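In: I need the structure of the sequence given here:
(one chain, ligands or ions: 2)
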Amino acid sequence: LNGVSTEARGALIVLEGLDRSGKTSQSSRLLSYLEGLGHSAELWRFPDRTTSVGKMISSYLSNESQLDDHTIHLLFSANRWEKKSLMEEKLKSGTSLIVDRYSYSGVAFSSAKGLDIDWCKAPEIGLLAPDLVIYLNILPEKAAERGGYGGERYEKLEFQKKVAAYYQILRDASWKVVDALLPIEEIEKQLQVAVLDCVKACQGGKPLSCLWS
Ligand code: T5A
Ligand code: NA
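Out: Ligands and ions are numbered 1, 2, ... in the order given. Now for the predicted structure:
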């Protein structure tokens, strides 16, 4: 075949949204969906609290430790960098990854604290760019009404409003915005269509690229 690789790669699919927007619920449904179709797929999440960097992040988020805003920003980024080579390996070997939060969270949350947005984006440059970003769109007031809200550092209404504004600045062509107030099953159906299209495009030879593009 004249050196053209026919090996199909997996898709990098990211879920983003405010705290309690439904990312975790939808990620696990998408995993079952892809596996049910016979695709190789894994569920990942950031922060990955299992690594030593992730443990520092986790203790910060639960208010057990204090860190300078720049420091925690770089730790979130480092937590993605420490998984980058494995991520690339998985995708190239044909496994799709459904990732609960990624660089968009990193930039939106730190910018909402007042850090310069370009400074926030810089350490994300060179990480793999998602093939599809699903943004679960919810008004901060509505998210705050959901169970379990308020336990962690960033779960405060005024702050989440700023995060939502920064997410809008980051929106690009890879995004699919979904109404997060719809019933869980309705959102699930919408996501299945988008995700299947994306997986097929990647199998069909769509190249991997890097942030920010
Ligand atoms: N952060 C993260 C940074 O600052 N920088 C970074 O680089 C990264 C990666 C991490 C925190 O760190 C910040 C962002 C976060 O503040 P986390 O561990 O990812 O936090 O936690 P959250 O994203 O906040 O996860 P949550 O579990 O709070 O929210 P989810 O996953 O969006 O929501 P989910 O699925 O757990 O659902 C929440 C509730 O709503 C219900 C569910 O049953 C559940 O009770 N629900 C619905 N109810 C009605 N209709 C629907 N459609 C519903 N979907 C879900
Ligand atoms: Na949370």
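In: so which bits of the lengthiest helix in the chain are buried?
Out: Counting residues, the longest helix found in the chain (DSSP state H) is helix 184-203. Across helix 184-203, burial judged by 16 or more other CB atoms under 10 Å covers I187, E188, L191, V195, L196, C198, V199, C202, Q203. C-beta here means a position set from N, CA and C on the backbone, and glycine is covered the same way.
In: so what's the residue count around the residue in the chain positioned nearest to ligand 2?
Out: Minimum separation of the chain from ligand 2 (CB to the ion) falls at D19, amounting to 4.1 Å. The local packing of D19 (other CB atoms under 10 Å) involves 24 other residues.
In: hang on, isn't it packed against A143?
Out: Yes - with contact defined as CB atoms under 8 Å, D19 counts as touching A143 (6.3 Å).
In: quick one: contacts for the residue of the chain closest to ligand 2?
Out: D19 sits next to A143, Y149, E152, Y154, E155, Q160 when contact means CB atoms under 8 Å, 6 or more residues apart in numbering.
In: tell me which stretches of the chain form strands.
Out: Counting by DSSP state E, the chain has strands at residues 12-17, 41-45, 96-100, 132-137, 175-179.
In: what helices or strands is the last one leaning on?
Out: So that's strand 175-179. The contact analysis (3 or more CB pairs under 8 Å, 6 or more residues apart in numbering; DSSP states H and E) places strand 175-179 against strand 132-137, helix 184-203.
In: pairing partners for the first one, with directions?
Out: Looking at strand 132-137 with DSSP bridges, its partner strands are strand 12-17 (parallel), strand 175-179 (parallel).
In: and the contacts of that strand?
Out: With CB under 8 Å, 6+ apart as the test, strand 132-137 has contacts from 11-18, 21-23, 26, 102, 104, 167, 171-172, 174-180, 187, 191, 194-195, 198.
In: what do you get for the longest one?
Out: Identification of contacts with helix 184-203 by CB under 8 Å, 6+ apart yields 8-11, 13, 22, 25-26, 29-30, 33-34, 37, 39, 96, 98, 131-132, 134, 136, 176, 178-180, 182.
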